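**Q** Sequence and predicted structure, then a few things I'm wondering about:
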Amino acid sequence: MKKYLFSSPRLGFRTWEDADLDTFSAMNADPEIMLFFEKILTREESKAKMDQMNQVFEKEGFCYFAVDYLQTGELVGTLGLNRKNFPASFTPCVDIGWRFDKKFWNQGLASEGAAACLDYAKKIGLKEVYSYASSANTASRRVMEKIGMWFLEEFEHQELLHCPQLQPFSVYKIVL
């Protein structure tokens, strides 16, 4: 049985393992899942992200976690926290973000998991959390609203100006 850092009724949150690579890299190579991201990722880039998140966890006590569906043990995707320092009116900040395999979409899992992650953020002493997505990403914006975040503003993501299809972005905030 896997050991989880924290959980929600249906999801378990943990650091990344080598066994996650096949599922995570398949997700990151799926154009539908990656529609609102800069680009699809190679297997090597996915592995680098997993390693990076484990390093972030060692340093910060949080990261974009690996998330399992507790009933089956399957990797659902990633959901968690990370520091953001790109040029914007709300940075530097801690961001909450998620990316799930599409077979787990439209089941309330992102909202459930994000609420559990915000509880974790509060327990480790964070005072506020932000989230942002392409304004066209209505599904992610809906999750932000469901977990009690409020809309701050739209902005041009300076590091993604080469992706005009993603602009503008919407940023949300919650005080813990």
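**A** Received, thanks.
**Q** Wasn't residue 159 part of a helix?
**A** Yes. Using DSSP: H, G, I helix; E, B strand; the rest coil, the assignment for residue 159 is a helix.
**Q** Could you give the number of residues near residue 163?
**A** Using other C-beta atoms under 10 Å as the criterion, residue 163 is surrounded by 14 other residues. Using the backbone N, CA and C atoms, a C-beta is placed for each residue, glycine as well.
**Q** How about the contacts made by it?
**A** Taking C-beta atoms under 8 Å, 6 or more residues apart in numbering as the criterion, residue 163 is in contact with residue 38.
**Q** For the longest strand along the chain, name the packing helices and strands.
**A** Longest strand in the chain by number of residues (criterion: DSSP state E): strand 74-84. Here strand 74-84 touches strand 11-14, helix 21-28, helix 43-60, strand 64-69, strand 93-100, helix 109-123, going by 3 or more C-beta pairs under 8 Å, 6 or more residues apart in numbering; DSSP states H and E.
**Q** for the ones you listed, which one sits closest to residue 131?
**A** With C-beta to C-beta as the criterion, residue 131 lies closest to strand 93-100 of the helices and strands packed on strand 74-84, at 4.9 Å.
**Q** now the angle between strand 74-84 and the closest one, please.
**A** Orientation of strand 93-100 against strand 74-84 (axes from the mean of the first three to the mean of the last three C-alpha atoms, to 10 degrees) gives an angle of 160 degrees.
**Q** what about strand 93-100, distance to the chain center?
**A** Distance of strand 93-100 from the chain centroid (C-alpha atoms, centre = their mean, to the nearest Å) equals 3 Å.
**Q** Identify the residues contacting the closest residue to residue 70 other than its chain neighbours.
**A** Spatial nearest neighbour of residue 70, chain neighbours left out: residue 12 (5.3 Å); criterion: C-beta to C-beta, 6 or more residues apart in numbering. Contact analysis of residue 12 by C-beta under 8 Å, 6+ apart lists 2, 4, 67-68, 70.
**Q** let's go with 7 Å and repeat that
**A** Residue 12 makes contacts with 2, 4, 68, 70, as judged by C-beta atoms under 7 Å, 6 or more residues apart in numbering.
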